[in-house]
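Asker: Here is the input, now give the coordinates:
(chains A and B)
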Protein chains: 2
Amino acid sequence: MNQTEVEQYALATLPSLYQYLKLPSISAQNQGITETADWLINQFSKLGAKRVEKWHDQGGNPIVFAEFEGQVDRTVLFYNHYDVQPPEPVAEWQTDPFEPTVRDGKLFARGTCDDKGELMSRLTLIKYFQEHGGLPVNLKFFVEGEEEIGSPHVDQSVIAHATDLAADVCIWEGGGKDEEENFQVTCGLKGIVSFDLHVQTAAVDLHSSLASYADNAAWRLVQALASLRGADNRVRVAGFYDTIESLGETGQKAVARLTFNDAEVKRNYGLRRPFVYADPKSELINGTTMSINGLSAGYEGNGVKTIIPKEAHAKLDCRLVPDQEPEDIVKLIRNQLDRNGFEDVNVEFLLGERAFRTDLDSPFVQLNMTIAQEVYGKAHTKLVPNMAGGGPAKQFVDSLNVPIVMVGTHYAGSHPHSPNENIRLADYAKGTYFLGLLLTRYAR
Amino acid sequence: MNQTEVEQYALATLPSLYQYLKLPSISAQNQGITETADWLINQFSKLGAKRVEKWHDQGGNPIVFAEFEGQVDRTVLFYNHYDVQPPEPVAEWQTDPFEPTVRDGKLFARGTCDDKGELMSRLTLIKYFQEHGGLPVNLKFFVEGEEEIGSPHVDQSVIAHATDLAADVCIWEGGGKDEEENFQVTCGLKGIVSFDLHVQTAAVDLHSSLASYADNAAWRLVQALASLRGADNRVRVAGFYDTIESLGETGQKAVARLTFNDAEVKRNYGLRRPFVYADPKSELINGTTMSINGLSAGYEGNGVKTIIPKEAHAKLDCRLVPDQEPEDIVKLIRNQLDRNGFEDVNVEFLLGERAFRTDLDSPFVQLNMTIAQEVYGKAHTKLVPNMAGGGPAKQFVDSLNVPIVMVGTHYAGSHPHSPNENIRLADYAKGTYFLGLLLTRYAR
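Answerer: Next up is the predicted model:
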């Protein structure tokens, strides 16, 4: 494979795929879903897929499935999603979020990074291979339309279609370069569990002069929450940390090689407080968290309203690592609240997504690292055991028994979910070459 | 004074004062203020006051001042307010809130209890005295129009008009019967200080995957709040309780004679939790509180939004007793937060009202008790050192050096601030007689 040729091919064919970025497929607002799924069906058909299907059988927005035959009987499964975040606040975009625009070597549009750009690179590569002797291996595509609203139908779809999806390895969405321009081979995702706390102490809000005897739902909530976290910011829930898998030797070495720029991070987000833990790098990979996402009780307006709130709410999430199970974590929290004397504080499970981490020593991870080092340079290639965020990947691991890696085309300034989302053309071109080389070598 | 005659007189003349209840003098909505003040001016003039004035000089809604000359040169000052709470929710009223209606021996209208009814009783009594040989003592009236919005101009008005208001004793608004039909002679009010806590940890809300290093404003607020209150629900602020005056022997005896029906109170408000302190009776009189009035941070809607809130707010109040100074209390809280390591949590003073308690052994309090026992019976007369709520009374004490008592016409079912506010006609009649007898005896 000639690097220059593939990169030029990727850039030359890019505008022919702009239509994908122009379609406002906003799952949260139920916009443009059908036409975007249909556009994909059409693209896969034109590229000569041996199977193209729209899966509706588990409900929700359709999943687009496509299958291509390669020269060697090994199968790579790609996970992507065709839905995007809403563009709001639109006024902060320098150009129309659904009008792809190149400026300063960057392609701006909603979805360029997360994650239409990556699928565009994959489609281009199919075309390139077909024009240059054929696909080296079999390819399958699973492109869902509900990732930005929590992928509520993915697990069931993977279970129902495990035979259709059978593959040897899986390449996920996401991946790219970190703040210091290191290319990352990422091998896992954190899990998450979201839950609400709610407590009610009275039938009505009370005049605050009655605080001489009446309990206060807001105080009750504050005390319950405070009992779940120590002064060291660690979670004080018996069993919470017990099931966490060790990173292993390869993982620990990989973490040691990662970089983390304290000053840059603080400046970026305007952080006013010291870091909550001493070693952010390790925490981002194999640490767990408990975040309050929101608090609400009583009077929240300006001025004074001297009441005792009858009820109080908190919304929380925990970011989890292998092998913490979301449902189990909520049960542990329930038990701990009981033990702490807060039987009256209700815990409501909202949603859970399980963490996964591909075996860092697996041949496919090692192949990715080898090729990344070749394309991006050894010093600028990093093995990332898992991302700090999540995604609906665990069911793929469970049902298909595949290693999963994330190797993509974004960079630290891509602004996913924010105004002026973009990728750099150079990253897009090189990322397409990287993937082409990976598929070619994987066929050997 | 003939009790039956005075009571019948009060009831017979009541409808002639209905116009006062029909005027919707809602300070919070800036409605009907001028016409109500003018109606009062007109009433006082018709009753032959030697001075009637509208005071505008300190700003805000006008204060109506009136002065009457009596046969003995002792002066009783009355505090009332002509503004009322908004009638909302109007749908829950059985009859129009501004159309006085008698039903089952009760007079329903917004303000009957709080506190137009009491002023009506006082106006009637002037008329009665004038038709029966003249007023026994000098009377002064201070009727403000901003009590329901926190009396923001009272302190300055009392200071500016201290000479005009000079008196020997003061009879406040409020007072009446408790849940067990005991007539209360109340001698003080609690103070209050309202303040906000605010903490900001970042320039923007963060993705909750960053909780691996970034602090969370909601956690910070929860931990700061939790540090201010112990498991025993007592305030953990150094110096907070230090300046509290003892109740003294008379006060302690009075508290011991008060009744408090645990089950009834719990049922009334639908309380789900045990009382926060063991002795509600004592706490209501000489206990202090710290209430969270409201909490607010991050995402408060339904479903999931996995963010770290950049900021968090709490609104609080403390109910205070003599001699806790509102400003000092906020300073102590500020200092304690600093000592607890929460220098970054801002404290904003919103408003303060000082507590006061008239000397329970003073001759005027004793005179009230004697006459109450005569009119209501010894077993059904209670000395209440102070109410659990507040009011703008302390400046009257400071500037005029008067004992203040609260002896009124409401009962436990009066529903002040709520739909179907009412007083019982029998209470109105007897309360008018009580006051007449008090003024007559005070002249001796």
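Asker: Residues touching stretch A:192-200, excluding its own?
Answerer: A:217, A:220-221, A:224-225, A:293, A:310-320, A:326-327, A:329-330, A:333, A:342, A:344-353, A:390, B:272, B:304, B:306 (CB atoms under 8 Å, 6 or more residues apart in numbering or on different chains). To be clear about C-beta, it is placed using only N, CA and C from the backbone, and glycine gets the same treatment.
Asker: 6 Å - rerun?
Answerer: Contact with stretch A:192-200 is made by A:217, A:220-221, A:311-319, A:326, A:329-330, A:344-353, A:390, B:304, as judged by CB atoms under 6 Å, 6 or more residues apart in numbering or on different chains.
Asker: Mark which of those are part of helices, please.
Answerer: A:A217, A:R220, A:L221, A:P326, A:I329, A:V330 (DSSP state H).
Asker: Quick check on the residues you listed: which are buried?
Answerer: A:A217, A:R220, A:L221, A:P326, A:I329, A:V330 (16 or more other CB atoms under 10 Å in any protein chain shown).
Asker: in terms of contact, does the last one touch A:E348 like I think?
Answerer: If I follow you right, that is A:V330. No: applying CB atoms under 6 Å as the test, A:V330 and A:E348 come out as separate, 8.7 Å apart.
Asker: Outline the domain layout of chain A.
Answerer: For chain A, automatic domain parsing gives the domain ranges A:3-189+A:356-442, A:191-244+A:288-353.
Asker: average model confidence for the shortest one?
Answerer: Pointing back at domain A:191-244+A:288-353 there. Regarding domain A:191-244+A:288-353, the rounded mean pLDDT is 96.
Asker: what about the helices in the stretch 251-400 of chain A?
Answerer: A:262-269, A:280-286, A:326-339, A:363-376, A:394-400 (DSSP state H, counting those that start in this stretch).
Asker: May I have the first one exported as PDB, CA atoms only?
Answerer: Read that as helix A:262-269. C-alpha atoms of helix A:262-269 as PDB (Å, rounded to 0.1, in the frame of the first residue of the first chain):
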ATOM      1  CA  ASP A 262      -2.000  19.000  34.800                       C
ATOM      2  CA  ALA A 263      -1.700  22.700  33.900                       C
ATOM      3  CA  GLU A 264      -3.200  22.300  30.500                       C
ATOM      4  CA  VAL A 265      -6.200  20.400  31.800                       C
ATOM      5  CA  LYS A 266      -6.800  22.900  34.600                       C
ATOM      6  CA  ARG A 267      -6.700  25.800  32.100                       C
ATOM      7  CA  ASN A 268      -8.900  24.000  29.600                       C
ATOM      8  CA  TYR A 269     -11.800  23.600  31.900                       C
END
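Asker: To chain B, which of the helices of the stretch 251-400 of chain A lies closest?
Answerer: helix A:280-286 (3.8 Å; CB to the nearest CB).
Asker: Would you mind pulling the contact partners of that closest one?
Answerer: A:L247, A:V255, A:L258, A:F260, A:Y277, A:V321, A:P385, A:A388, B:S212, B:Y213.
Asker: swap the cut-off to 10 Å and go again
Answerer: Residues outside helix A:280-286 that contact it (CB atoms under 10 Å, 6 or more residues apart in numbering or on different chains) are A:188, A:190, A:244-247, A:251-252, A:254-260, A:262, A:265, A:275-277, A:279, A:287, A:289, A:319, A:321-322, A:355, A:357, A:384-389, B:209-214.
Asker: Show me the beta-bridge partners of the closest residue to chain B within the stretch 51-200 of chain A.
Answerer: Relative to chain B, the nearest point of the stretch 51-200 of chain A is A:S194 (4.5 Å; CB to the nearest CB). For A:S194, the beta-bridge partners under DSSP bridges are A:D317, A:L351.
Asker: doesn't A:Q71 make contact with A:H132?
Answerer: No: using CB atoms under 10 Å, A:H132 makes no contact with A:Q71, being 11.8 Å away.
Asker: Where does the stretch 101-250 of chain A get nearest to chain B, residue-wise?
Answerer: Among all residues of the stretch 101-250 of chain A, A:A203 sits closest to chain B, at 2.5 Å; criterion: CB to the nearest CB.
Asker: Up against chain B, what does the stretch 301-444 of chain A have?
Answerer: Proximity of the stretch 301-444 of chain A to chain B (CB under 10 Å from any CB of the partner chain) is limited to residues A:301-310, A:312-319, A:341, A:344, A:350-351, A:387-390, A:416-418.
Asker: Mind checking which of the residues you listed are in strands?
Answerer: A:I307, A:I308, A:A312, A:H313, A:A314, A:K315, A:L316, A:D317, A:C318, A:R319, A:L350, A:L351 (DSSP state E).
Asker: Now for the first one: which residues touch it?
Answerer: Which is A:I307. A:204-208, A:210-211, A:216, A:218, A:297-299, B:291-294, B:315, B:317.
Asker: same deal with the second one?
Answerer: With contacts taken as CB under 10 Å, 6+ apart, A:I308 has the following neighbours: A:201-202, A:204-211, A:214-219, A:297-298, B:269, B:289, B:291-293, B:317.
Asker: Report whether stretch A:155-165 contacts chain B.
Answerer: No: Stretch A:155-165 is not in contact with chain B by CB under 10 Å from any CB; minimum separation 16.5 Å.
Asker: and the end-to-end length of that stretch?
Answerer: From its first residue to its last, stretch A:155-165 covers 12 Å (CA to CA, to the nearest Å).
Asker: swap in stretch A:107-123?
Answerer: Stretch A:107-123 has an end-to-end distance of 17 Å (criterion: CA to CA).
Asker: Please identify the most buried of the helices of the stretch 251-400 of chain A.
Answerer: Comparing the helices of the stretch 251-400 of chain A by mean neighbour count (mean count of other CB atoms under 10 Å in any protein chain shown), helix A:280-286 ranks first with a mean of 21.
Asker: tell me how far it is from the chain's mean position?
Answerer: Remark: helix A:280-286 is offset 16 Å from the chain centroid, using CA atoms, centre = their mean, to the nearest Å.
Asker: May I have that helix as PDB, with CA atoms only?
Answerer: Presented in PDB, the C-alpha positions along helix A:280-286 are these (Å, rounded to 0.1, in the frame of the first residue of the first chain):
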ATOM      1  CA  PRO A 280      -5.200  11.300  37.400                       C
ATOM      2  CA  LYS A 281      -3.600   9.100  34.800                       C
ATOM      3  CA  SER A 282      -4.300   5.800  36.600                       C
ATOM      4  CA  GLU A 283      -7.700   7.000  37.800                       C
ATOM      5  CA  LEU A 284      -8.800   7.800  34.200                       C
ATOM      6  CA  ILE A 285      -7.900   4.200  33.200                       C
ATOM      7  CA  ASN A 286      -8.800   2.000  36.100                       C
END
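Asker: I figured A:L17 hits A:Q43, correct?
Answerer: Yes: if you go by CB under 10 Å, A:L17 and A:Q43 touch, sitting 8.1 Å apart.
Asker: Give me the common contacts of the two.
Answerer: Between them, A:L17 and A:Q43 share the contacting residues A:L119, A:M120, A:L123, A:K127, judged by CB under 10 Å, 6+ apart.
Asker: Quick check: closest non-adjacent residue to A:D83.
Answerer: Nearest residue to A:D83 in three dimensions, chain neighbours excluded: A:S27, at 3.8 Å (CB to CB, 6 or more residues apart in numbering or on different chains).
Asker: okay but that neighbour is in contact with A:G111, surely?
Answerer: No: counting by CB under 10 Å, A:S27 stays clear of A:G111, with 11.6 Å between them.
Asker: For whatever residue of the stretch 251-400 of chain A ends up closest to chain B, list the residues it contacts.
Answerer: Residue nearest to chain B within the stretch 251-400 of chain A (CB to the nearest CB): A:G270, separated by 2.5 Å. With contact taken as CB under 10 Å, 6+ apart, A:G270 is in contact with B:Q200, B:T201, B:A202, B:A203, B:V204, B:L206, B:K310.
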